[in-house]
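fold the following and give me the result.
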Amino acid sequence: MRKQESDYRSTTNVDENDAQHIANTYFKQRAETIAELEKNFSLGELFQGVFSKLNPLFSIDCAALVLYNENMDHITRAYLTEAISGQVSCTEIISDPISLSLITKEISDFDFPVLKSRLDWIADFGENHCLINHAKEYHFHCYIPLENNGRIWGTFELHNNNRELSAEGLTFCCNIADFIAGLLAVMEKRNTLDLNLETVHKTQVTDVSGILLAEAKIKNLEDEIERLNTQLAQFLVFTPENDVETFTSTEIVGTSAEMQEVYKLLNRISSSETTVLILGETGTGKELIAKAIHNGSQRREKEMVKVNCAAIPPNLIESELFGHEKGSFTGATEKRIGKFEQAHKGTIFLDEVGELPLDLQVKLLRVLQEKEIERVGGKTTIPTDVRIISATNRNLLAEVEAGRFRRDLFYRLNVFLVSLPPLRDRKSDIPVLASYFLDKFAIKSNKKLQGLSKKAISTMMAYSWPGNVRELEHLIERQVVMAQGALIKDVEIPASTEKSKSVVAGVKTIFENERDHIFAVLELCNGKISGKNGAAKLLGVPATTLNSKIKRLGLAKKHIY
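Just a heads-up that it's a prediction; the model follows:
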């Protein structure tokens, strides 16, 4: 059980409010001193001063300030402070860039305050985290990222021998980390400004009025060009760029960074036999992705069998999936082969798998475990060799927590996860997709179209697309049917969809739900990711996986303790 700060007031003898007041007064004084020191500012001196306040407040044995380069692949500097015989010392333990080790790479990837013990490190890496150029080994560690404006500048490390840092201490130290990160950002900005001023001075630009006049003329020209571009936009034909490598499937279109990440995953898993779970909103193309995975596998000689679990009545799903014997129930006038038997040696695609009733989830789990099925009314088991690809637009993890989806089935299906981004998050793909659909429906309608105007593309780029790629496809099909000339000068977004846009804005996506759920668990665990009472334990995932999810979902350091 985690000890609170109140357990140690007999030794620290400091009230929490007094501690906050002391720290605020100290940092105000330090900020004034820093402003006066300017270029003579010493980061080591500041860090020593910070630790001299933390040590008596929260009984912290050792602290380290580790700074990274912009690419996050080297430690550029590191300072270590500790109290020996009542005297606080600060040592610069790293002054030349060194590469990250496995453990320091793990620490640099933390986007959230992390509490880890010696036992946690040994469980994850087989060894405890030890400070570079420091022989002493600590039993409790805390790592707070130094984040400012989306950039991680380094890590603020706190190490103890006898106890874990309390929730109050962590909250206090998070504020200090923000202070240091902001200071580092200001220092770099100041250095950059100094370099720019030096460059300007060297060029000896003295005619300020001439510069202002030139800038005014340039602004007028830019405004005129913008006005002419607006007028010409509906007559200029948009030409998509094809300089980015796309996926080999002819039906999957998109060159955005988000889709490039999806392509990398598909190239890894298509040729394997692994079970795949595809997550994405309605209309993002989950079935196309499943088909591409099947076509890239060794099972491509057989057709992929598709089952929409949401479109089949609950009383018929079992018969649809596993088949039935003649006379097994009223209306069963003949034997029926189920989808799993049809997909033998091939692939079955379970779309909307989150809609399966709980009793069917149990039977599906048995098929995954035993590799055999039993028809409804049958008495013998039938071996089956099927690769399963499933998809859903639901947050299955939330469904598991709500008791509507079996946890063991979730982990069986979620062997390899492919998350499809909504169209609003990859808007750079809209022009390419629109051109693709235009060519497709022009051929289908036997029309010769020159293309879409830049104005039409701009209109589509400004829309949020709650129906994703499917909505875009239907819109282009409608425009092709209604086209009266060779060029589609503009597109009309239906008013009803504008209304639906405001509705969708209030609905959380799968990724937002997952993000909020993980954040709530982190708050419950006071930011602790690994270990006995860590968030990873509650969520049922490895600590390394949870940390990757935190980074992928964009969770930044929050003061929630």
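
which ones are touching Lys339?
By C-beta atoms under 8 Å, 6 or more residues apart in numbering, Lys339 lies in contact with Val305, Val307, Glu320, Leu321, Ile348. Just so you know, the C-beta spots here come from the backbone N, C-alpha and C atoms, and that holds for glycine as well.

can you tell me how far the third one is from Glu334?
What that stands for is Glu320. 15 Å (C-beta to C-beta, to the nearest Å).

strands - which of the contacts of Lys339 land there?
Val305, Val307, Ile348 (DSSP state E).

now rank those residues by neighbours and give me the top one.
Ile348 (24 neighbours; other C-beta atoms under 10 Å).

can you name the residues bridging to that one?
The partner list for Ile348 in beta bridges (DSSP bridges) reads Val305, Ile388.

would you say Thr284 is within a strand?
No - counting by DSSP: H, G, I helix; E, B strand; the rest coil, one finds Thr284 to be coil, located in no strand.

show me the shaky parts of the stretch 351-500 of the chain.
495-500 (pLDDT under 70).

okay, buried residues for stretch 394-403 please.
Arg394, Asn395, Leu396, Leu397, Ala398, Glu399, Val400 (16 or more other C-beta atoms under 10 Å).

in stretch 265-285, what counts as buried?
Here stretch 265-285 shows 265-266, 269-270, 275-281, 283-285 as buried, counting by 16+ other C-beta under 10 Å.

and the least confident of these?
Lowest pLDDT of these: Ser270, 84.

Serialize the contacts of Lys339 to a markdown table and add fields for distance to Pro113 and pLDDT.
Below are the contacts of Lys339 laid out as a markdown table (distance: C-beta to C-beta, whole Å; pLDDT from 0 to 100):
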| residue | distance to Pro113 | pLDDT |
| --- | --- | --- |
| Val305 | 47 | 93 |
| Val307 | 44 | 92 |
| Glu320 | 49 | 87 |
| Leu321 | 46 | 89 |
| Ile348 | 43 | 93 |
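
from these, pick the one nearest Pro494.
Comparing these against Pro494 with C-beta to C-beta places Val307 closest, at 32.1 Å.

how about that closest one, what does it touch?
Counting by C-beta under 8 Å, 6+ apart, Val307 touches Glu320, Leu321, Lys339, Ile348, Phe349, Leu350, Asp351.

by neighbours, which of those wins?
Phe349 leads those on contacts (other C-beta under 10 Å) with 26 neighbours.

that residue reaches Glu303, doesn't it?
No - judged on C-beta atoms under 8 Å, Phe349 makes no contact with Glu303 at a distance of 10.6 Å.

quick one: the ones in strands among the contacts of Lys339 as a markdown table, columns for distance to His74 too.
Putting the ones in strands among the contacts of Lys339 into a markdown table (distance: C-beta to C-beta, whole Å) gives the following:
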| residue | distance to His74 |
| --- | --- |
| Val305 | 51 |
| Val307 | 51 |
| Ile348 | 48 |
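
looking at those, which one is closest to Ile144?
The closest of these, once distances to Ile144 are taken by C-beta to C-beta, is Ile348, at 46.9 Å.

just confirm Ala83 is within a helix.
No - Ala83 is assigned strand when assessed by three-state DSSP, not a helix.

partner strands of the helix or strand Gly154 falls within and their direction?
Secondary structure assignment for Gly154, by DSSP states H and E: strand 151-160. Here strand 151-160 has these sheet partners by DSSP bridges: strand 62-68 (antiparallel), strand 140-148 (antiparallel).

re the thing from before, now intersect the buried residues of stretch 394-403 with the helices, please.
Leu396, Leu397, Ala398, Glu399, Val400 (DSSP state H).

for stretch 47-61, buried residues please.
Residues of stretch 47-61 classed as buried: 47-51, 53-55, 57-61 (neighbour count, 16+ other C-beta under 10 Å).

count the neighbours of the residue nearest to Glu341 when sequence neighbours are not counted for me.
Excluding its sequence neighbours, the residue lying closest to Glu341 (C-beta to C-beta, 6 or more residues apart in numbering) is Gly323, at 5.9 Å. By other C-beta under 10 Å, 23 other residues sit near Gly323.

mean confidence for stretch 220-231?
The model assigns stretch 220-231 a mean pLDDT of 66.

what are the ranges of the strands in the stretch 401-550 of the chain?
416-419, 451-452, 487-488 (DSSP state E, counting those that start in this stretch).

need those strands in JSON lines (columns: mean neighbour count and distance to Gly377).
Putting these into JSON lines (neighbours: other C-beta atoms under 10 Å; distance: least, C-beta to C-beta, whole Å) gives the following:
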{"stretch": "strand 416-419", "mean neighbour count": "17", "distance to Gly377": "35"}
{"stretch": "strand 451-452", "mean neighbour count": "24", "distance to Gly377": "56"}
{"stretch": "strand 487-488", "mean neighbour count": "21", "distance to Gly377": "56"}
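
just send the ones you listed back as TSV, with distance to Arg375 too.
Listed next are the strands of the stretch 401-550 of the chain as TSV, based on distance: least, C-beta to C-beta, whole Å:
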stretch	distance to Arg375
strand 416-419	30
strand 451-452	52
strand 487-488	53
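
of all those, which lies closest to Glu355?
Using C-beta to C-beta, the nearest of the strands of the stretch 401-550 of the chain to Glu355 is strand 416-419, at 18.8 Å.

can you give me how far that closest one is from the chain middle?
Strand 416-419 sits 12 Å away from the centroid of its parent chain (C-alpha atoms, centre = their mean, to the nearest Å).

and stretch 448-456, by the same measure?
For stretch 448-456, the separation from the chain centroid amounts to 35 Å (computed by C-alpha atoms, centre = their mean).

again, but for stretch 322-336
47 Å.

start to end distance for it?
9 Å (C-alpha to C-alpha, to the nearest Å).

one more: stretch 60-71?
Taking C-alpha to C-alpha, stretch 60-71 runs 31 Å from one end to the other.

just confirm Glu341 is within a helix.
Yes - under three-state DSSP, Glu341 sits within a helix.
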